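> Please work out how this folds:
(chains A and B)
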Amino acid sequence: DQQVKQNSPSLSVQEGRISILNCDYTNSMFDYFLWYKKYPAEGPTFLISISSIKDKNEDGRFTVFLNKSAKHLSLHIVPSQPGDSAVYFCASTGTYKYIFGTGTRLKVLA
Amino acid sequence: NAGVTQTPKFQVLKTGQSMTLQCAQDMNHEYMSWYRQDPGMGLRLIHYSVGAGITDQGEVPNGYNVSRSTTEDFPLRLLSAAPSQTSVYFCASSYSISLTEAFFGQGTRLTVV
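I've put the predicted structure just below:
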């Protein structure tokens, strides 16, 4: 049973526009959420996180929004750049583990 | 500060062979874990450790063993390789599981023929 879901396997966006990546979770006890970026042949790298006591967290071009009532979080990238092309994973921290979604492949078109 | 180091980067095994994937971190992290990444499946937890001498199973532990004799090292052993274990394996560590991010190694691409 997938506790963290990324329903869009892929997304294409024009350079300079906004990229919005979505993630849903099922367990209302989850209290910390993370986004990771992964380039081919590399390990995932941490991008941004949010605690359940917040509904928004910003870091430069990246903003994560959390809607606890809908059990939904999203990652906004503005403006999108070709170097943002990668696979993005959302994750939550369960008991003694990180639980990852299946990933969304973002392609930013120049 | 090298972070999380995995060796080897690539490996081809024959069915039935055994091998150990090495993982070491130099950040004095208590929590370490192993994941496998398969197409369309995301990152699935194999085993994890919350400190030296303490390990536990994750989501897909069958066919794998781990041990944690030191804080720094967390090797993953494949007991008798099967084609279903063809995957990319990632080791990760974090200061704690609570409210902190995990740092990943570069991965080991394993093919079992």
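> contacts, neighbours, all on C-alpha from now
Will do.
> So the one helix or strand B:Val88 maps to, near chain A or not?
With secondary structure defined by DSSP states H and E, B:Val88 is part of strand B:87-94. Yes: counting by Cα under 8 Å from any Cα of the partner chain, contacts between strand B:87-94 and chain A involve B:Phe90.
> any idea of the mean pLDDT in that strand?
Averaging the model's pLDDT scores along strand B:87-94 yields 96.
> Given it, what are its sheet partners and their directions?
strand B:31-38 (antiparallel), strand B:103-104 (antiparallel), strand B:108-112 (antiparallel) (DSSP bridges).
> got TSV for the ones you listed, with mean neighbour count and mean pLDDT too?
Converted to TSV, those look like this (neighbours: other Cα atoms under 10 Å in any protein chain shown; pLDDT from 0 to 100):
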stretch	mean neighbour count	mean pLDDT
strand B:31-38	24	96
strand B:103-104	23	96
strand B:108-112	19	97
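> Redo these as CSV? Include distance to B:Gly63.
As requested, those are arranged in CSV below (distance: least, Cα to Cα, whole Å):
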stretch, distance to B:Gly63
strand B:31-38, 13
strand B:103-104, 22
strand B:108-112, 13
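> who in chain B is up against chain A?
B:40-45, B:48, B:50, B:58, B:90, B:97-99, B:101-107.
> what's the single longest strand in the chain?
Using chain A. As assigned by DSSP state E, the longest strand anywhere in chain A is strand A:86-94.
> The chain in question should be chain B.
strand B:42-51.
> which other helices and strands contact the helix or strand just after it?
Elements were assigned by DSSP H and E; along the chain past strand B:42-51, the next helix or strand is strand B:54-57. Packed against strand B:54-57, as judged by 3 or more Cα pairs under 8 Å, 6 or more residues apart in numbering or on different chains; DSSP states H and E, are the following elements: strand B:42-51.
> Identify the bridge partners of residue 51.
You didn't pick a chain, so chain A it is. On DSSP bridges, the residues paired with A:Ser51 through beta bridges are A:Tyr32.
> that's the wrong chain, I wanted chain B
According to DSSP bridges, B:Ile54 are recorded as the beta-bridge partners of B:Gly51.
> residue contacts, it?
Residues counted as contacts of B:Gly51 (Cα atoms under 8 Å, 6 or more residues apart in numbering or on different chains) are B:30-32, B:68, B:71.
> again, 7 Å this time
Shown here is B:Gly51, whose contacts under the criterion Cα atoms under 7 Å, 6 or more residues apart in numbering or on different chains are B:30-31, B:71.
> same thing with A:Gln6?
Taking Cα under 7 Å, 6+ apart as the criterion, A:Gln6 is in contact with A:22-24, A:101-104.
> Also A:Ser10?
Listed by Cα under 7 Å, 6+ apart, the contact partners of A:Ser10 are A:104-106.
> okay, these in a markdown table with pLDDT, neighbour count and distance to B:Pro83 next?
A markdown table is the format used below for the contacts of A:Ser10 (pLDDT from 0 to 100; neighbours: other Cα atoms under 10 Å in any protein chain shown; distance: Cα to Cα, whole Å):
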| residue | pLDDT | neighbour count | distance to B:Pro83 |
| --- | --- | --- | --- |
| A:Thr104 | 97 | 23 | 26 |
| A:Arg105 | 97 | 20 | 26 |
| A:Leu106 | 98 | 23 | 30 |
